[in-house]
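J.: when you get a sec, could you give me coordinates for this:
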Amino acid sequence: MVELGKVKKRKCNDCSEYFEETQGKMTILPDENKLIWHFYCKKCLRSWRKRGLQNEGLSNIEINEIIKREYP
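T.: Numbers count the residues shown, from 1 in each chain. As a prediction, this is how the structure comes out:
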């Protein structure tokens, strides 16, 4: 985490860019025998979710509707 002025910025675990906390989400992911917190920006979260929905066989229209609803 980096503090620039009074705004705290976090490094996205996927793209490695820095974002304000409101521009992403903290997620808990398993790592061997423990759980680790990771920060992901909204762009990376959308991409991650899109790949998951594509694997479920949804159409692009359905995918876009879900992503817009979940990550406005």
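J.: list the buried residues in the longest helix along the chain.
T.: Using DSSP state H to define each element, the chain has its longest helix at helix 42-55. Residues of helix 42-55 classed as buried: 43-45, 50, 53 (neighbour count, 16 or more other C-beta atoms under 10 Å). C-beta here means a position set from N, CA and C on the backbone, and glycine is covered the same way.
J.: repeat for stretch 58-71
T.: Buried residues in stretch 58-71, defined by neighbour count with 16+ other C-beta under 10 Å: 63, 67.
J.: repeat that for stretch 29-38.
T.: His38.
J.: give me the contact list for that stretch.
T.: Outside of stretch 29-38, the residues within contact range by C-beta atoms under 8 Å, 6 or more residues apart in numbering are 13, 26-28.
J.: how about the spatially most central residue of the chain, what does it touch?
T.: Nearest residue to the geometric centre of the chain (C-alpha atoms, centre = their mean): Leu45, 2.9 Å. Taking C-beta under 8 Å, 6+ apart, we find Leu45 in contact with 24-25, 71.
J.: of the contacts of stretch 29-38, buried ones?
T.: The neighbour count (16+ other C-beta under 10 Å) marks Asn13 as buried among the contacts of stretch 29-38.
J.: could I get the full set of strands for the chain?
T.: Along the chain, counting by DSSP state E, strands occupy 2-4, 7-11, 18-20, 24-31, 34-41.
J.: and the fourth one, average pLDDT?
T.: Within the predicted structure, the mean pLDDT of strand 24-31 is 89.
J.: pull the distance from it to the chain's centre.
T.: Relative to its chain's centre, strand 24-31 lies at 9 Å (C-alpha atoms, centre = their mean, to the nearest Å).
J.: equivalent analysis for the last one, please.
T.: Its chain's C-alpha centre and that of strand 34-41 lie 10 Å apart, by C-alpha atoms, centre = their mean.
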